[in-house]
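Engineer: Here's my sequence, what's the structure:
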Amino acid sequence: DARERLRSGGHGVYYHLSYWGRPHDYLWLDTTAPALVWHEMTKAYALGARQLWVANVGDLKSNETGMTLFLQLAWKIDRYGEDVQRAFLLDFYRQQFGAEQAQEVAALRDEYYRLSAIRRPEHLGFNRVYPDTPVQNSNWSAEESSQFLERWREVDRRAHALGAKLPAQTRDSYFQLVEYPASGAAAMAEKILLAERARLTGSRRDASTAEAAFKRMERLTKRYNAIGDGKWNGIMDFRPRRLPVFDMPPTEAPPEALPPPQPQTSQRVTIDPATFIQRQDRQGTGWRVIEGLGPRGRALAVLPHRDVPTQLSGAAIQKQSPMAAYQVTAETAGAVQVVIEALPTHRFTPRHEIVAGISINDEPPVVVRFDRGTDDEHDPIWQRNVLRNAMQGEATLLVPQGPYTLKLWAAGRGVVVQRILVGSKCLEFTRRI
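Structural biologist: Residues are numbered from 1 along each chain as shown. Below is the predicted model:
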């Protein structure tokens, strides 16, 4: 907070590009999007953490991409803006592979990071560590699982096809930086999700494909470690700490196995928060679209970062908080549930809160609080949100029949909005791919 910023020694940040701990490690692949690194580190810099930055990169490989951006921002914090993901990836891969291929490689990696934001490959077991628990069935419907798997397969296909076009002198570096993460993550999705489908349906074909994916991960890793006459031999391990998620999961169901969840049906509208029709800034800050952030490829955050008190009354929110407006149409008048899905981030300081405001037309805003748990790695709510990369807050509002304006207010400046749902019953959290 402001008092602590007066300390003569200054402040710093310890940031995880590679992570060992609750709720689950991610030590294998580079899956933290550049847009997220940029958002968190520019926030830290704006709040006074400028003297020392430390990035945990694990065994260094495969975190070259995120580490490069981290160091560039430490050297020049305003090097990139809200389009950081596209701009940085273009710069980085132009340097590695030349201008001719940079656009295609950057687009491929952008989709790779988006899918990883839905669920990191290391988190696909829907299990946890400390204590280590066995791989669980996902809470995804068959449709969601199939869509997610097919998107990863497409990334794998694109990565392989692009690698074949590169000159021989760049193929080794391309395999390590791009193809191995893409193919490894796709194989992990196949292994986990098809083994689950086999348990639920008894399909031997799915079981065989899952087992083949596990063996493919092993072959990919052997190739990685053999590159350059074994220059990096042993540095890549596709089974860090030998956690259960890296094993071949069972493909036969126990007697008590449950059927897969079915898609939930309810009349609801899904709003991309980047599609506002009007924006109102306050005190030099306002809602801005950060491309590449979150599971839908972009998210809404308040920029520039400022240490502004959280507003918790409707009048104060209307007067002092940035606003974005959306056009919605209701078939009938009455009560609707509005659910805001946000990035599970931390408060600026203990004096702040992660909250938003929501209102209809010119009505006063209602405060939306999020199911964020506590700032404690043992908290099961915090763990759930980290694994699914989202937290939710909701409010019930009265809407008129026909078109109306839904207003989103940044009552707390630290909130990052990924999706808005409006409906008679938005039901439990769902991950639409």
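
Engineer: Next, count neighbours for Pro121.
Structural biologist: Pro121 is flanked by 26 other residues according to other C-beta atoms under 10 Å. The way it works is simple: take the backbone N, C-alpha and C, and place the C-beta from them, glycine included.

Engineer: One more: the one 3 residues further on?
Structural biologist: Residues near Leu124, counting by other C-beta under 10 Å, number 23.

Engineer: Same question for Thr332.
Structural biologist: By the other C-beta under 10 Å criterion, the neighbourhood of Thr332 contains 11 residues.

Engineer: ditto for the one 5 residues further on
Structural biologist: Other residues near Gln337 come to 17 when the count uses other C-beta under 10 Å.

Engineer: Does anything pack onto the host helix or strand of it? Which helices or strands?
Structural biologist: Element membership of Gln337, judged by DSSP states H and E, is strand 334-342. Helices and strands in packing contact with strand 334-342 are listed as strand 355-360, strand 391-399, strand 416-423; criterion 3 or more C-beta pairs under 8 Å, 6 or more residues apart in numbering; DSSP states H and E.

Engineer: Now do that strand and strand 416-423, the angle between them.
Structural biologist: With axes from the mean of the first three to the mean of the last three C-alpha atoms, to 10 degrees as the basis, strand 334-342 and strand 416-423 are set at 160 degrees to each other.

Engineer: ok, the closest residue to Pro400 other than its chain neighbours - contacts?
Structural biologist: Ranked by C-beta to C-beta, 6 or more residues apart in numbering and with sequence neighbours excluded, the top spatial neighbour of Pro400 is Ala333, at 5.2 Å. Contacts of Ala333 were listed using C-beta atoms under 8 Å, 6 or more residues apart in numbering, and they are 398-401.

Engineer: Please spell out the ChimeraX selection for the buried subset of these.
Structural biologist: Selecting only the buried entries of these in ChimeraX, with 16 or more other C-beta atoms under 10 Å as the criterion:
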select :399
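
Engineer: So in that sheet, which strands flank the strand holding Gln337, and in what orientation?
Structural biologist: strand 391-399 (antiparallel), strand 416-423 (antiparallel) (DSSP bridges).

Engineer: if you compare those, which one is most tucked away?
Structural biologist: For the strands paired with strand 334-342, the largest average neighbour count (mean count of other C-beta atoms under 10 Å) is found in strand 416-423, namely a mean of 22.

Engineer: Figure out how far it is from the centre of its chain.
Structural biologist: Strand 416-423 has its C-alpha centroid displaced from the chain centroid by 15 Å (C-alpha atoms, centre = their mean, to the nearest Å).

Engineer: what is the orientation angle of that strand with strand 355-360?
Structural biologist: 40 degrees.

Engineer: Give the buried residues for stretch 202-221.
Structural biologist: Within stretch 202-221, judged by 16+ other C-beta under 10 Å, the buried ones are 206-207, 209-211, 213-214, 216-217, 220-221.

Engineer: Ok, stretch 325-333 next?
Structural biologist: 325-326, 328, 330.

Engineer: List the buried residues in stretch 167-187.
Structural biologist: By neighbour count, and taking 16+ other C-beta under 10 Å as the criterion, the buried residues in stretch 167-187 are 171-172, 174-187.

Engineer: just stretch 42-62 next, same as before
Structural biologist: 42-49, 53, 55, 57-58, 61-62.

Engineer: what's in contact with that stretch?
Structural biologist: Outside stretch 42-62, the residues that reach it (C-beta under 8 Å, 6+ apart) are 5, 9-20, 27-30, 41, 63, 66-67, 70-71, 73-74, 77, 176-177, 180-181, 232, 235-236, 304-307, 348-349, 414.

Engineer: in stretch 272-290, what counts as buried?
Structural biologist: Within stretch 272-290, the residues that qualify as buried by neighbour count (16+ other C-beta under 10 Å) are 272-274, 276, 282, 285-290.

Engineer: Enumerate every residue touching the residue positioned nearest the centre of the chain.
Structural biologist: When the chain is reduced to its mean C-alpha position, the closest residue under C-alpha atoms, centre = their mean turns out to be Ala117, at 2.8 Å. By C-beta under 8 Å, 6+ apart, the residues touching Ala117 are 33, 36, 294-295, 389.

Engineer: Swap in 7 Å and give it another go.
Structural biologist: 33, 294-295, 389 (C-beta atoms under 7 Å, 6 or more residues apart in numbering).

Engineer: any idea which element it lies in?
Structural biologist: Take DSSP H and E as the rule and Ala117 turns out to sit in helix 99-118.

Engineer: looking only at pLDDT, what's the mean for that helix?
Structural biologist: Throughout helix 99-118, pLDDT has a mean value of 97.

Engineer: from the buried residues of stretch 167-187, which single one is nearest Gln311?
Structural biologist: Distance ranking of the buried residues of stretch 167-187 against Gln311, using C-beta to C-beta, places Ala185 first at 40.6 Å.

Engineer: so what's the closest one closest to, chain neighbours aside?
Structural biologist: The spatially closest residue to Ala185, leaving aside those adjacent along the chain, is Pro121, at 4.5 Å (C-beta to C-beta, 6+ apart).

Engineer: Tell me the predicted confidence for that neighbour.
Structural biologist: Confidence score, pLDDT, at Pro121: 98.

Engineer: can you offset everything so residue one is 694?
Structural biologist: Sounds good: first residue 694 from here, last item Pro814.

Engineer: got the residue ranges for the strands in this protein?
Structural biologist: With strands called from DSSP state E, the chain shows them at 705-709, 745-749, 961-964, 971-973, 979-984, 991-996, 1016-1023, 1027-1035, 1048-1053, 1059-1062, 1084-1092, 1095-1102, 1109-1116.
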